[in-house]
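Peer 1: just the structure for this:
(chains A, B and C)
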Amino acid sequence: MINCESYLAAVRKQSPLILHITNSVTINDCANALICTGASPVMSNCTTDSIELAKTADALLLNIGTVNEYQLNQMVTTAKTAQNQNIPIILDPVGAGASAYRTDAAKNLMKYASVIKGNAGEIAALSGISGKTRGVDSINTSTDITTTADSLARKSGSIIIVSGKVDYITDGAQYFCVSNGDVMMSRISGTGCMASSVCAAFAAVNNTDLISACAAAMTYFGIAGETACKNAAGPGTFKAAFFDALANFKSDDFAKAKIQGGECK
Amino acid sequence: MINCESYLAAVRKQSPLILHITNSVTINDCANALICTGASPVMSNCTTDSIELAKTADALLLNIGTVNEYQLNQMVTTAKTAQNQNIPIILDPVGAGASAYRTDAAKNLMKYASVIKGNAGEIAALSGISGKTRGVDSINTSTDITTTADSLARKSGSIIIVSGKVDYITDGAQYFCVSNGDVMMSRISGTGCMASSVCAAFAAVNNTDLISACAAAMTYFGIAGETACKNAAGPGTFKAAFFDALANFKSDDFAKAKIQGGECK
Amino acid sequence: MINCESYLAAVRKQSPLILHITNSVTINDCANALICTGASPVMSNCTTDSIELAKTADALLLNIGTVNEYQLNQMVTTAKTAQNQNIPIILDPVGAGASAYRTDAAKNLMKYASVIKGNAGEIAALSGISGKTRGVDSINTSTDITTTADSLARKSGSIIIVSGKVDYITDGAQYFCVSNGDVMMSRISGTGCMASSVCAAFAAVNNTDLISACAAAMTYFGIAGETACKNAAGPGTFKAAFFDALANFKSDDFAKAKIQGGECK
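Peer 2: As a prediction, this is how the structure comes out:
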């Protein structure tokens, strides 16, 4: 359905430079996930610096996990430069819905985003559906999140990725479902953040078909999680094994891909 | 003596939301330790955000390991909200005694704290005994730290935890000693910070008997360290094994508990 | 050639206090690398605090990986105190050359530095040779970086360390080449930062012969990397094994040292 191999190969060949303005909790995880994938991360906490770096970067990753006034301004300013450079901008709205501050920050940044990746609660919050996020965790809900995501994609013009047991990727017209991954991935901090960074790397080198690039990225990420589980005795050893799995990923591993897709309702 | 199992079970059942305002060194470790324990961490570097989050959080953790002017103000403001919410506030006075700035910050925050957990040097500094901290490490001293801690508990109205080879937990009237743990735990960064975060989780769901909750938390933490040592070839593999041990902890493991207690002198 | 054992033994005996003003990406790695080596790290994000801490520290480590306006001012102010204390100041100019902001920050700090450790692109940027850094990675170049480094050492009065497949350490008159290490070390984030921190620890206790101390540090670090590779299935397990190797390092391991040296051209 999607030639995942070619998307990963492009990352490894081109080693795209992914500029991060991100949270202080998982910043190291994101750097390592990208290096293991084959991309080149650079992180900045300074507006002057990140505006400059955006001019040579291949994608911009915005993650609001510990956003404050300074960083939000940095994100907006740098996103404008990135837009002028025509590079993809990936937004991870961590904790949107848990506080009005985060919801507003995410909505403010949404207009710059090529891709928005969140859990169901965060995507619901961006869609104006409240009360589905507790801290940075999504609360299970009976809302049909896929319809919400399709609608948000059409309204925003962004690719929407809803991560979960099944990842749902939509541009409002077309969708993909990726069923790879393992529950162990939810037992460590940083899985969602790393997935967004990896999507940024795939998007950076496949800018003409962003939805396929994101679906390939989530598939790669999920399969690596499955591989890592086999070498893990718990969340700590899983995390080390996960970086190994990202780095040691072979084209053949995509045979485990569980992707479905179709047209949105 | 303490029904440790029931305290841990409550954490795992209720998955309390633990709001962190903490240092940038070990913030990821604290997030992972809490997820492995069964709690839900959320970190904030923004005053507006953390005041809001405090209204839905089950405990507030303040760690001054890299505190500065902005963060200290954020801590004070958020602590006031947390007090109004009647949720436990746990203070880790990292490096108190090593600089007047840290000592003053810790003393400023002490009045909001339900629980204060530090090493001997830090607790001595908060008690007005100087010169016992070098960087973030306690210097061995002949001072009877248990008497100092009892006195600080009575004066402050907080539970005081002095971590070390034997952890000492006191409210000034009653004390517990926990002898679990392993020297390997001092060979990685973040052990003390993670212990404080785990105490916050236990306190969050056992707010009516904080001293027992803290003793149970330190026991859980120490036994997990002992388990992890058996699967470690050094500090790096220990750290991964430690997260595994926190996550894989079974009720039966509390059979290894080494808790003593009694009335303070 | 260099009595590496004695330099490491001094670190382990004296446990020097290494004050860090560093980036938020690898700050935890630097703390752990130093603890495993036998030194005592302390990190500060506050000017008032770090000025005070500099008065009891044994070395100051400045790393500009996520520097911004506040932190740059903190670094300059604290460096002045460190100079008055006559403790070594180690500068890691992460990303110099990738943005004018970083290049200028590094040049601003260079005048305080006893030791500057960067990759070839960063050292070239500090020498006024542009266009050799992309993000935080050095771009291969035909420039003879050793000549550039010798010249920078003479001009700045600092020891210059160019890290790479072969590490080159020079004071402009004398040089050492260290060929230890493994390509796996470039597959994780933080290797360069940790190496700088370890150099700071060795420099702290061997202040009278900084160039030998740095060569010994890079040798220790490289050999530990070689040892860790044998216990690694990829970058994630390598990282854990690397901390083990730093901590478990025995004097005999220096038999694997590959150091050459001589007079600069």
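Peer 1: wait, isn't A:Trp225 in contact with A:Met184?
Peer 2: If you look again at residue A:225, you'll see it is Gly, not Trp. Yes: judged on CB atoms under 8 Å, A:Gly225 makes contact with A:Met184 at a distance of 7.0 Å. For every residue, glycine as well, the C-beta is placed using N, CA and C.
Peer 1: neighbour count: the two, which is higher?
Peer 2: A:Gly225 (24 against 20; other CB atoms under 10 Å in any protein chain shown).
Peer 1: distance of the more buried one from C:Ile188?
Peer 2: 19 Å (CB to CB, to the nearest Å).
Peer 1: enumerate the residues of chain A near chain B.
Peer 2: Contacts of chain A with chain B, taken as CB under 8 Å from any CB of the partner chain, map to A:23-26, A:28-29, A:65-69, A:71, A:95, A:98-102, A:134-137, A:187-190, A:233-237, A:239-240.
Peer 1: show only the entries of the residues you listed found in strands.
Peer 2: A:Arg134, A:Asp137 (DSSP state E).
Peer 1: the residues of chain A next to chain B in helices, which ones?
Peer 2: Judged by DSSP state H, the subset of the residues of chain A next to chain B located in helices is A:Asn28, A:Asp29, A:Glu69, A:Gln71, A:Ala100, A:Tyr101, A:Arg102, A:Pro235, A:Gly236, A:Thr237, A:Lys239, A:Ala240.
Peer 1: now, which of the residues you listed sits nearest chain B?
Peer 2: Comparing these against chain B with CB to the nearest CB places A:Gly236 closest, at 3.0 Å.
Peer 1: quick check: that closest one touching B:Gly236?
Peer 2: No: A:Gly236 is not in contact with B:Gly236 according to CB under 8 Å; the separation is 10.6 Å.
Peer 1: what sits against the closest residue to A:Thr26 other than its chain neighbours?
Peer 2: Once flanking residues are discounted, A:Thr26 sits nearest to A:Gly190: 3.7 Å by CB to CB, 6 or more residues apart in numbering or on different chains. For A:Gly190, the contact set (CB atoms under 8 Å, 6 or more residues apart in numbering or on different chains) comprises A:Val25, A:Thr26, A:Asp29, A:Cys30, B:Asn28, B:Ala31.
Peer 1: would you map the helices across the stretch 151-265 of chain A?
Peer 2: A:191-205, A:210-229, A:235-248 (DSSP state H, counting those that start in this stretch).
Peer 1: deepest in the core, which of the ones you listed is it.
Peer 2: helix A:191-205 (a mean of 28; mean count of other CB atoms under 10 Å in any protein chain shown).
Peer 1: give me the mean pLDDT for that one.
Peer 2: Averaging pLDDT along helix A:191-205 yields 98.
Peer 1: and the residue located most distally from the centre of chain A, what are its phi and psi?
Peer 2: Distance to the chain centre peaks in chain A at A:Ala233, reaching 26.5 Å (criterion: CA atoms, centre = their mean). Per-residue torsions, A:Ala233: phi -100, psi 0 (degrees, to the nearest 10).
Peer 1: any idea how far chain C is from it?
Peer 2: Distance from A:Ala233 to chain C, counting by CB to the nearest CB, to the nearest Å: 13 Å.
Peer 1: what about the stretch 51-200 of chain A, any weak spots by pLDDT?
Peer 2: Along the stretch 51-200 of chain A, the parts satisfying pLDDT under 70 run over A:130-132, A:139-143.
Peer 1: could you redo the last one with a cut-off of 80?
Peer 2: Applying pLDDT under 80 to the stretch 51-200 of chain A flags residues A:130-143.
Peer 1: around chain C, pick out the residues from it.
Peer 2: So far as CB under 8 Å from any CB goes, the stretch 51-200 of chain A lies against chain C at A:Glu52, A:Leu53, A:Thr56, A:Ala57.
Peer 1: can you put the residues you listed in CSV and add secondary structure?
Peer 2: What follows is these, written out as CSV (DSSP: H, G, I helix; E, B strand; the rest coil):
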residue, secondary structure
A:Glu52, helix
A:Leu53, helix
A:Thr56, coil
A:Ala57, coil
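Peer 1: from the residues you listed, pick the one nearest B:Asn86.
Peer 2: Using CB to CB, A:Leu53 comes nearest to B:Asn86 of those, at 45.5 Å.
Peer 1: hang on, that closest one packs against A:Ile18?
Peer 2: No: look at A:Leu53 against A:Ile18 with CB under 8 Å: they stay out of range, at 10.3 Å.
Peer 1: looking at these two, which one has more neighbours?
Peer 2: A:Ile18 (31 against 28).
Peer 1: how many neighbouring residues does the closest residue to A:Asn68 other than its chain neighbours have?
Peer 2: Of all residues not flanking A:Asn68 in the chain, B:Cys46 sits nearest, at 3.5 Å (CB to CB, 6+ apart). B:Cys46 is flanked by 24 other residues according to other CB under 10 Å.
Peer 1: run through the strands of the stretch 51-200 of chain A in chain order.
Peer 2: A:59-63, A:89-92, A:115-119, A:133-134, A:137-138, A:159-163, A:167-170, A:174-178 (DSSP state E, counting those that start in this stretch).
Peer 1: format those as CSV; extra columns: mean neighbour count and distance to C:Ala215.
Peer 2: Putting the strands of the stretch 51-200 of chain A into CSV (neighbours: other CB atoms under 10 Å in any protein chain shown; distance: least, CB to CB, whole Å) gives the following:
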stretch, mean neighbour count, distance to C:Ala215
strand A:59-63, 29, 38
strand A:89-92, 30, 43
strand A:115-119, 28, 46
strand A:133-134, 24, 53
strand A:137-138, 22, 49
strand A:159-163, 28, 47
strand A:167-170, 26, 50
strand A:174-178, 21, 50
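Peer 1: go through these and name the closest to C:Lys265.
Peer 2: Closest among these, using CB to CB: strand A:59-63, at 42.9 Å.
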